[in-house]
Each structure stands twice: as structure tokens, then as C-alpha cells.
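**Student:** Sequence first, then the predicted structure:
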Amino acid sequence: MKKTSLAISLLIFLSTTVRSQEQAPQLLIRAAHCLTIRNFLPLSRARALSFGYLLDGKSYPGKKVLYLVDFAPPARSNGLAFAIFLTERNGHQNFNIQNNASFVLSKDESNGVSFAVTPLGGTWTQEHFASAIAQIEKQPRFAIPARDLLTSIPLINCESYTDR
């Protein structure tokens with residue numbers, strides 16, 4: 001009985017360790033790269049940044065939005081959240097950064113998120129950001145080396161609302 005319990009505990013530990021070390025998806029790396037080169041991510045001396053994401057194809061009919069969260073160390077209970085619209089144009093993947101917010105995970109809020117800096121757009125936008133952040137919080141986080149965020153990536157375009 002003790003051996004079985006020990007084996008189960010070891011399997012659970014190994015599965016969570018493997019999951020936390022998963023390779024970051026290319027979509028996430030590309031979006032984080034765009035945030036970096038457009039100066040949306042603060043300068044950091046960290047070797048790696050911790051990200052989570054959610055792809056949303058329902059909130060904006062006919063459009064795909066990537067909600068990306070950059071979790072702040074060391075507690076990682078706060079961070080920056082972004083809404084990035086995704087399109088394809090001339091064989092290039094286009095990342096259009098349209099909104100951002102600063103948040104803190106909060107047990108005092110009904111949705112579990114409190115905004116230090118609210119996203120633009122009113123209550124509907126805040127609710128969608130809060131919902132996305134809450135969903136991202138429940139999913140795996142991905143560590144991306146800071147040096148990888150500065151590496152040039154072919155066949156992508158990075159735009160933002162600050163370009164206009």
C-alpha cells in the first residue's frame with residue numbers, strides 16, 4: 001500500500017513538473033516578441049518571463065483575439081494583460097495590439113481580478129479581460145527566455161493602437 005501511494009505521488013509530481021516545462025507555443029512567442037519590440041513589456045533583468053494566454057474566437061464575431069498575460073515575478077499574482085487581434089495578410093501573420101491593462105489577482109473581487117490600470121473600453125471590455133485573465137490563471141504558464149523575445153521572427157507583422 002505504501003509503495004502504491006509513493007508511486008502515485010511520484011507520478012503526480014512528475015506530471016506537474018513536465019507540464020510546467022512545456023515548450024511555449026509559437027503563437028505565444030510571436031505575440032510576446034511583438035509586445036517586446038513595440039515596448040509594451042517593461043525592461044527586465046530576468047532571464048525568462050512567465051506568460052499565459054487564451055485564444056478567443058467568440059467575443060468579437062469574425063475575429064480572433066489572443067489574450068496574453070505577462071506574470072510579474074516573484075509572486076506572479078499580478079501582471080500585465082493584452083488583447084492582440086490576429087489576422088493573416090500576404091502570407092504574414094499580423095499581431096495587432098489593441099488594448100492592455102495592469103492587474104492583480106484578488107479573492108475580494110467576484111471575478112478574481114482587480115485592475116491597477118484598467119483596459120480602455122468600459123465595463124464590457126473590463127469583464128472580458130477579467131474573464132480571460134481568470135481562465136489563463138488556471139492554465140499552464142510558459143517561461144520564455146528574454147533573449148528569445150528580441151530575436152527577429154520572419155513572416156510576422158507587429159502593429160498597435162499606438163502606431164496611429
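**Tutor:** Okay, I see it. Numbers count the residues shown, from 1 in each chain.

**Student:** Show me the strands in the chain, by range?
**Tutor:** Remark: strands assigned in the chain by DSSP state E are 48-56, 64-71, 78-89, 92-105, 113-117, 142-145, 156-160.

**Student:** And the ones you listed: which comes nearest I29?
**Tutor:** Proximity to I29, assessed across these by C-beta to C-beta, is greatest for strand 142-145 (6.0 Å). In short, each C-beta sits where N, CA and C put it, glycine included.

**Student:** buried set for that closest one?
**Tutor:** By 16 or more other C-beta atoms under 10 Å, the buried positions in strand 142-145 come out as F142, A143, I144.

**Student:** for it, the distance to its chain's centre please.
**Tutor:** 11 Å (C-alpha atoms, centre = their mean, to the nearest Å).

**Student:** try stretch 34-54
**Tutor:** With C-alpha atoms, centre = their mean, you get 9 Å for stretch 34-54.

**Student:** Quick check: end-to-end length of that stretch?
**Tutor:** 16 Å (C-alpha to C-alpha, to the nearest Å).

**Student:** Show me what that stretch is in contact with.
**Tutor:** Under the contact criterion C-beta atoms under 8 Å, 6 or more residues apart in numbering, stretch 34-54 has outside partners 24-25, 27-28, 31-32, 66-71, 73, 76, 80, 82, 84, 95, 97, 100, 132, 135-137, 139-146, 149-150, 156, 158, 160, 162.
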